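In: Sequence unavailable; structure follows:
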């Protein structure tokens, strides 16, 4: 049997870290967003921390993958 647990954690300044990594990467938002399978406007919302609810972990991991970084988000306390 599978058990699903949803856990939200607050990471201050995460959008700024993503923006900084994107600028260091040098590729455009359009290219990075396409590789992360999200829209350009959603990428900008993430960087500006204008997400209504919580950023899905799957999306965060896609962003980390396309930027080649680890943002240090850990759900293990």
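Out: Sure, I can see it. Note that the structure is a prediction, hence the values are computed from the model and not measured. Residues are numbered from 1 along each chain as shown.

In: can we go C-alpha only for contacts and neighbour counts from here?
Out: Will do.

In: Is residue 71 part of a helix or strand, or is it coil?
Out: Three-state call for residue 71 (DSSP: H, G, I helix; E, B strand; the rest coil): coil.

In: Give me the pLDDT for it.
Out: Per-residue pLDDT puts residue 71 at 96.

In: Touching, it and residue 62? I think so.
Out: No - using C-alpha atoms under 8 Å, residue 71 is not in contact with residue 62, being 11.4 Å away.

In: can you tell me the helix or strand for residue 4?
Out: Following DSSP states H and E, there is no helix or strand that holds residue 4.

In: Angles on the backbone of it, please.
Out: In terms of degrees, to the nearest 10, the main-chain angles of residue 4 are phi -110, psi 130.

In: count of neighbours near it?
Out: 5 (other C-alpha atoms under 10 Å).

In: again, but for the one 5 residues further on
Out: Residues contacting residue 9 under the criterion other C-alpha under 10 Å number 11.

In: Let me know the distance separating it from residue 72.
Out: 12 Å (C-alpha to C-alpha, to the nearest Å).

In: cool, residue 53 as well?
Out: 20 Å.
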